[in-house]
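> sequence first, predicted coordinates after that:
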Number of protein chains: 2
Amino acid sequence: MNKNTKTKKLPTRPYKGARDFYPKDMLIRNYIFDTWKRVCKRYGFEEYDFPFIESWDLYAAKTGEEIVNKQLYWFKDRGGRKVAIRPEKTPSVARMIAARINEISKPIKWFNIGNCWRYEKPQKGRGREFFQFDCDILGVNDVAADVEVFSIPIEIMKALGATSKMFEIKISNRRLVEYFLKEIAVLQGDISSPGSQISKTAKAIDTKPKISASEFDELLKEAGLKKNQIEKINEFLNYTLDDVKKYIDKCYGAKELIEFFEIADSSGYGKYFKFSPEIMRGFDYYTGNVIEQFDLNPDNNRSMYGGGRYDDLVGLFSKEKLTGVGFAMGDITLLEFLKGWNLLPTLQTDTQIMVTVFDKDLRKKSFETAQTLRGKGINTFLYLEDDKLDKQLKYADRKGIPYVIIIGPDEVKKGKVVLRDMRKKEQKEASMSEINHGDFNIL
Amino acid sequence: MNKNTKTKKLPTRPYKGARDFYPKDMLIRNYIFDTWKRVCKRYGFEEYDFPFIESWDLYAAKTGEEIVNKQLYWFKDRGGRKVAIRPEKTPSVARMIAARINEISKPIKWFNIGNCWRYEKPQKGRGREFFQFDCDILGVNDVAADVEVFSIPIEIMKALGATSKMFEIKISNRRLVEYFLKEIAVLQGDISSPGSQISKTAKAIDTKPKISASEFDELLKEAGLKKNQIEKINEFLNYTLDDVKKYIDKCYGAKELIEFFEIADSSGYGKYFKFSPEIMRGFDYYTGNVIEQFDLNPDNNRSMYGGGRYDDLVGLFSKEKLTGVGFAMGDITLLEFLKGWNLLPTLQTDTQIMVTVFDKDLRKKSFETAQTLRGKGINTFLYLEDDKLDKQLKYADRKGIPYVIIIGPDEVKKGKVVLRDMRKKEQKEASMSEINHGDFNIL
């Protein structure tokens, strides 16, 4: 055997742009996931999941070009199938529902928490592997569904300790934008025909927050818009809800938006939403109301997640039609938000007590004690080796385990144990019958 | 646009050998995952995780040849890196621990629940994507760690309703086998040198349960063993623990095995284990005690999972040494076990109540009521659309939601609601203040 290959060590870094979760990181991840899950269940949503690998075709049609051409992880499997690692979840939800379109009762309220992969340049708030929380209501045309599903992230923010001053949710409506561009500004083409005036203008509106006013006008000029058309569009981008109301009878998008605010106001969520005509949210699925949440932290002012209504989710797979509305929130962005506002609590270990081992002869007693505690439903760590007591206590301290049980020869003779409170640094002899249900309040 | 491509629909099947989890499947998956998690926490184990994609090199060295050459999903990423999708977790745990070998306090007790991929022929109890529960104690040489970690699956079986008659755990010791082959049967080579007598014989022992006695003898003959050596090996394969005791001073493996039973017996787990000299558990990591659990169901008599002690987990990454002992259990095999013994309970939705919508005017009231219930911590599904009441009630029934609240114009006038018990098919007027904390016991 080649000595060189034997001694050369492999690197210990995880794959670029992906994260290892040590137990402390996992506590944070679980804190976020558990909050997502709890709020969804509070709303009666059901959890689903699907394979991490899908056919490449699933993403070719509707997933944005940038993702498919530059970011998608794909390869041929050993059977020659062109497969991809999920960069998003919407196509898979659509596939699953299309497969049972006539069996599944509507309304469908589903959520998923799972990882996605995109080949991106790793940076703050963005990784190649990220966990995403997807939440959708399907089969309900009514705007009430928009309000309900978009209130879930608000309840999540509240559950995580955020207030309305820390974030804002911008909302617009794709149908309204399209109506305005076509009927009022009299542009040519439509939003789904790439290269048309309307499509180019919609793209320009999408990038507007990142560019200057003159750069924006330049983009519109390049798209072939006349001066008065450009003026009209700039006027639209300053619209208030009152301006939108004028179109309520002519444009379903205006009606959707106005109704959204009526229902949101009456259920107390209105204050979180701000009508912002520049919100477009990409070009692929969305057709109705679209939202995007922003972190209001001046040091971290960025988009947190988005969502919207789509008229036809399952069209790729089925002749049936199914409308839906939902959002997808990533764990990395949310974590940045929580850190930025100092909202991450100090998370404690779930372990309630540690049992030390005095020596090999008495280890049996420690084993028995640990089993007794576990049988009572108490999360119990057994140290296993007979290291010096001091070392064992230091271990419990480092791990944040609040109580320790010490069993030496004296205790065994008396049929008792020593219970130590690690925070108070106090200890006391106790009988096992006193130690019940994790309530160690006997010190 | 080509009309043909417009009408051709994509297939709705998931990728071959992988599973969609509809909400009902997800209830089962969560039932299993939650049991795994609960028992691990009861033992004070900590959860960790790591990326789904790893460098290919990680598996090249120690993961079995069959997996790497025939089953590994691998590809080159857009940066030309040769990467693989995790087929198992041990190399990644080793990598993570090696990266912080001097910071992490021992004993390390870690668990993970996550998916792995192997390109296999899908069949009953085996898929290309499977979820695996990995559980390890690291940094403890003492056999007490073997007993503790191997008692976890027993507690899981018990928590899932299984009894000791439904499964058995076979145990042997790799050091003992090696000692016997080398010193007693006087074979040449050693277990880690492929092609040597000892390695070939170990492989033959590993396959013994699947072949006849004469086929087994034939394999040993082919490995170059003499008649008396073959007899000795057959003798060894009928060894009892008493036979093993004879070697306790000469062979550390014999001592490990005998001590294992001493500790297991004293903590009540002995009865689940059976010394079975033919248990080998592959050839890559394990060095000490090895276990394999079998389903005793005559219709489904198969291996459920395995585990063992490894002397050097982190050697690929670090000059330090770290011993460990653990097991890995898959979800598909466990599910087959539960189905085979009829142990799967009827799992209910977490949704406690549904609020119906009478009409668009009263929908606001339904919205408010749902929010009030959610605020009280009650998992509440809101129907959203004003379908016929009968249709809404049928929906609740199909979903197994136990209670429904109906709010019509009469109720609104009186400031009350109608609470319906879906199982008793009874209903009654109630005030919202009577409906508290999910205890709807007012009917």
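Thanks, I have it.
> CA atoms for contacts and neighbours, from now on please.
Noted.
> name the residues of the stretch 251-400 of chain A found near chain B, please.
By C-alpha under 8 Å from any C-alpha of the partner chain, the residues of the stretch 251-400 of chain A that approach chain B are A:263, A:266-267, A:315-318, A:350-351, A:364, A:367-368, A:374, A:377-385, A:395.
> go with 7 Å
If contacts are counted using C-alpha under 7 Å from any C-alpha of the partner chain, the residues of the stretch 251-400 of chain A sitting beside chain B are A:267, A:316-318, A:350-351, A:367-368, A:374, A:377-381, A:384-385, A:395.
> then the stretch 51-200 of chain A?
Residues of the stretch 51-200 of chain A lying close to chain B by C-alpha under 7 Å from any C-alpha are A:51, A:53-55, A:75, A:95-96, A:98-99, A:105, A:142, A:144-145.
> of these, just the buried ones, ChimeraX syntax please.
This is the ChimeraX syntax for the buried subset of those, where burial follows 16 or more other C-alpha atoms under 10 Å in any protein chain shown:
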select /A:51,53,54,55,75,95,96,98,99,142,144,145
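> quick one: which of the residues of the stretch 51-200 of chain A next to chain B sit in strands?
Applying DSSP state E to these, the entries found in strands are A:I53, A:E54, A:S55, A:F75.
> please enumerate the helices of the stretch 101-250 of chain A.
A:143-159, A:174-179, A:197-207, A:213-222, A:227-236, A:241-245 (DSSP state H, counting those that start in this stretch).
> can I get those helices in JSON lines including distance to A:R42 and mean pLDDT?
Compiled in JSON lines, the helices of the stretch 101-250 of chain A are given as follows (distance: least, C-alpha to C-alpha, whole Å; pLDDT from 0 to 100):
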{"stretch": "helix A:143-159", "distance to A:R42": "10", "mean pLDDT": "97"}
{"stretch": "helix A:174-179", "distance to A:R42": "30", "mean pLDDT": "94"}
{"stretch": "helix A:197-207", "distance to A:R42": "34", "mean pLDDT": "91"}
{"stretch": "helix A:213-222", "distance to A:R42": "43", "mean pLDDT": "93"}
{"stretch": "helix A:227-236", "distance to A:R42": "39", "mean pLDDT": "94"}
{"stretch": "helix A:241-245", "distance to A:R42": "31", "mean pLDDT": "96"}
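> could I get those helices as CSV with distance to B:P409?
As requested, those are exported to CSV (distance: least, C-alpha to C-alpha, whole Å):
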stretch, distance to B:P409
helix A:143-159, 20
helix A:174-179, 35
helix A:197-207, 45
helix A:213-222, 53
helix A:227-236, 41
helix A:241-245, 30
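> quick revisit: any of the residues of the stretch 251-400 of chain A next to chain B buried? List them.
Among these, those that count as buried by neighbour count (16+ other C-alpha under 10 Å) are A:267, A:316-318, A:350-351, A:367, A:374, A:377-381, A:384-385, A:395.
> which ones among these lie within strands?
The strands in this structure, assigned by DSSP E, contain A:T380, A:F381 from those.
> what residue in the stretch 151-300 of chain A comes nearest to chain B?
Of all residues in the stretch 151-300 of chain A, the one sitting closest to chain B is A:S267 (6.3 Å; C-alpha to the nearest C-alpha).
> now the stretch 251-400 of chain A against chain B: closest residue?
Checked against chain B (C-alpha to the nearest C-alpha), the nearest residue in the stretch 251-400 of chain A is A:N379, 3.9 Å away.
> what's the farthest-apart pair in the buried ones among the residues of the stretch 251-400 of chain A next to chain B?
Across these, the longest distance by C-alpha to C-alpha is 61.4 Å; it joins A:S318 and A:E385.
> show residues contacting stretch A:42-56.
Under the criterion C-alpha atoms under 7 Å, 6 or more residues apart in numbering or on different chains, residues A:82-86, A:109-112, B:14-15, B:18-23, B:26, B:351, B:374, B:377-381 lie in contact with stretch A:42-56.
> who's in contact with A:E385?
Applying C-alpha under 7 Å, 6+ apart as the definition, the contact partners of A:E385 turn out to be A:V357, B:D142.
> quick one: the residue nearest to the residue of the stretch 251-400 of chain A closest to chain B when sequence neighbours are not counted from A:F381, how far?
Ranked by C-alpha to C-alpha, 6 or more residues apart in numbering or on different chains and with sequence neighbours excluded, the top spatial neighbour of A:N379 is B:R42, at 3.9 Å. Spatial separation of B:R42 from A:F381 under the definition C-alpha to C-alpha, to the nearest Å is 8 Å.
> can you dump the C-alpha atoms of stretch A:81-88 in CSV for me?
These are the backbone C-alpha positions of stretch A:81-88, laid out as CSV (Å, rounded to 0.1, in the frame of the first residue of the first chain):
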residue,chain,number,x,y,z
ARG,A,81,-32.2,9.6,-16.8
LYS,A,82,-31.6,13.3,-16.7
VAL,A,83,-32.3,14.3,-13.1
ALA,A,84,-32.1,17.4,-11.0
ILE,A,85,-31.8,18.2,-7.3
ARG,A,86,-34.8,20.4,-6.3
PRO,A,87,-34.0,24.1,-6.5
GLU,A,88,-37.5,25.0,-5.4
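> in it, what's buried?
Residues A:V83, A:A84, A:I85, A:R86, A:P87, A:E88 are the ones in stretch A:81-88 that count as buried (16+ other C-alpha under 10 Å).
> closest to A:S172 among these?
A:E88 (22.6 Å).
> re the thing from before, need the max-distance pair from the residues of the stretch 51-200 of chain A next to chain B.
Comparing the members of these, the greatest separation, given C-alpha to C-alpha, is between A:F75 and A:A144, at 41.7 Å.
> quick check, pLDDT for A:R309.
Among the per-residue scores, A:R309 holds a pLDDT of 96.
> A:L338: what's it in contact with?
Under the criterion of C-alpha under 7 Å, 6+ apart, the contact list for A:L338 reads A:L344.
> and the gap between it and A:I28?
The gap separating A:L338 from A:I28 is 11 Å, by C-alpha to C-alpha.
> show me where pLDDT drops low in chain A?
Of all residues in chain A, those with pLDDT under 70 make up the ranges A:1-7, A:283-284, A:436-439, A:441-443.
> got the domain boundaries for it?
Domain segmentation of chain A under automatic domain parsing yields A:23-50+A:89-340, A:353-434.
> can you put these in CSV and add distance to B:G64?
What follows is the domains of chain A, written out as CSV (distance: least, C-alpha to C-alpha, whole Å):
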stretch, distance to B:G64
domain A:23-50+A:89-340, 27
domain A:353-434, 31
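> wait, which of those domains is closest to B:M304?
Minimum separation from B:M304 across the domains of chain A (C-alpha to C-alpha) falls at domain A:23-50+A:89-340, 23.8 Å.
> that older thread, among the contacts of stretch A:42-56, which are in helices?
In helices, judged by DSSP state H, the following of those are found: B:P23, B:M26, B:R374.
> so which of the residues you listed are also by chain A?
Near chain A, by the rule C-alpha under 7 Å from any C-alpha, you find B:P23, B:M26, B:R374 out of the ones in helices among the contacts of stretch A:42-56.
> what about A:D57, neighbour count?
Close neighbours of A:D57, defined as other C-alpha atoms under 10 Å in any protein chain shown, add up to 14.
> distance check, A:P402 against A:E218.
As it turns out, when the distance is counted by C-alpha to C-alpha, A:P402 lies 64 Å from A:E218.
> and if you look at A:D134?
In this structure, A:D134 and A:E218 are 37 Å apart, going by C-alpha to C-alpha.
> who's in contact with A:A98?
Taking C-alpha under 7 Å, 6+ apart as the definition of contact, the neighbours of A:A98 are A:V314, A:F317, A:S318, B:T12.
> in this structure the third one contacts B:K9, no?
Yes: with contacts defined as C-alpha atoms under 7 Å, A:S318 counts as touching B:K9 at a distance of 6.3 Å.
> spit out the contact partners of the closest residue to A:N173 other than its chain neighbours.
Computed as C-alpha to C-alpha, 6+ apart, the closest residue to A:N173 that is not its neighbour in sequence is A:N289, at 4.1 Å. A:N289 sits next to A:I171, A:S172, A:N173, A:R174, A:L257, A:G308, A:R309 when contact means C-alpha under 7 Å, 6+ apart.
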